[in-house]
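Undergrad: quick one, fold the following:
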Amino acid sequence: MKLQFLGSGDAFGSGGRFNTCFHLERGAPGNVLIDCGATSMVAIRKWQVDPNDVALILISHLHGDHFGGLPFFLLDAQLVSRRTRPLLIAGPPGLSQRLTTVMEAMFAGSTTIERKFGLDILELELHRRAELNGLAVTPYLMKHYSGAPSYALRLEVDGKVVTYSGDTEWVDELIPAARDADLFICEAYFFDKAIRYHVDYSTLVRRLPDIGARRTIITHMSAELLGRQDEIALEAAHDGLVVEL
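TA: As a prediction, the model looks like this:
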């Protein structure tokens, strides 16, 4: 099993990076996307991922750089990739209505066309462990305004635990979300500048001992933090990075 950072960037393309999208390759019962930002179909093509092998898409929160690629993914599935296998998309409450709104705004009529594949939308309940397509996911509430709950996602898959913070300023919910994880993927926006709704690298480093994750990789870095990578002790993601689990 391996995880590839198809996109590791922020909302603004800092460093020329794609929006957030991680690909968990695990074979049967199908691969997983974790977030699907607006540029994700471009990243999928660049890294030669077959979208038809993706059985599940997990969404952390409803900002365009994290879920705005879904209209493109769904249209590609219907018109280009000719998908026939079912697809499950799971994310926070409000996902179904927001996705419909965005699809109609971007591609009018796209939500009413009959698809040749089954599509299910599941809205995850806070702290409730859900078993989906051979993995388990538990959402934890983060502090990041998106007009709907913003989640960190704790995945249990093939005997491993992978936690993804989504976007958030530091909250103590990150401790149980990522406790003893084999891989903790956490956003770090600035080096030591504290702002609302995003965690800074220095705060994260101070709090990591409370979490005890075996491996931590930071992502979603601003231009400022990208420019200070020689000062970073933690692993930092880049587009295309592959992690073996």
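Undergrad: tell me the predicted confidence for the residue nearest the centre of the chain.
TA: When the chain is reduced to its mean C-alpha position, the closest residue under Cα atoms, centre = their mean turns out to be Asp35, at 2.9 Å. As summarised for this prediction, Asp35 has a pLDDT of 99.
Undergrad: separation between it and Phe191?
TA: Using Cβ to Cβ, to the nearest Å, Asp35 is found at 23 Å from Phe191. All C-beta atoms are positioned from the backbone trio N, CA, C, and that covers glycine.
Undergrad: got it, and Ser40?
TA: Using Cβ to Cβ, which is the criterion applied here, Ser40 is 27 Å from Phe191.
Undergrad: who has more neighbours, these two?
TA: Set side by side, Ser40 and Phe191 give different neighbour counts by other Cβ atoms under 10 Å, the larger being at Ser40 (30 against 17).
Undergrad: give me every residue that touches the more buried one.
TA: With contacts defined as Cβ atoms under 8 Å, 6 or more residues apart in numbering, Ser40 is in contact with 6-7, 18-19, 21, 33, 69, 72-73.
Undergrad: among those, which are in strands?
TA: Within the contacts of Ser40, membership in strands is found for 6-7, 21, 33, as judged by DSSP state E.
Undergrad: of those, buried ones?
TA: With burial judged by 16 or more other Cβ atoms under 10 Å, the buried subset of the ones in strands among the contacts of Ser40 is 6-7, 21, 33.
Undergrad: burial measure for Tyr189, as a count.
TA: When counting by other Cβ under 10 Å, one arrives at 23 neighbours for Tyr189.
Undergrad: please name the nearest non-neighbouring residue to it.
TA: Distances taken as Cβ to Cβ, 6 or more residues apart in numbering place His198 nearest to Tyr189, at 3.8 Å, with adjacent residues excluded.
Undergrad: what is the one you found paired to in the beta sheet?
TA: Ile195 (DSSP bridges).
Undergrad: buried residues, stretch 89-109. List them.
TA: Within stretch 89-109, the residues that qualify as buried by neighbour count (16+ other Cβ under 10 Å) are 89-95, 98-99, 102-103.
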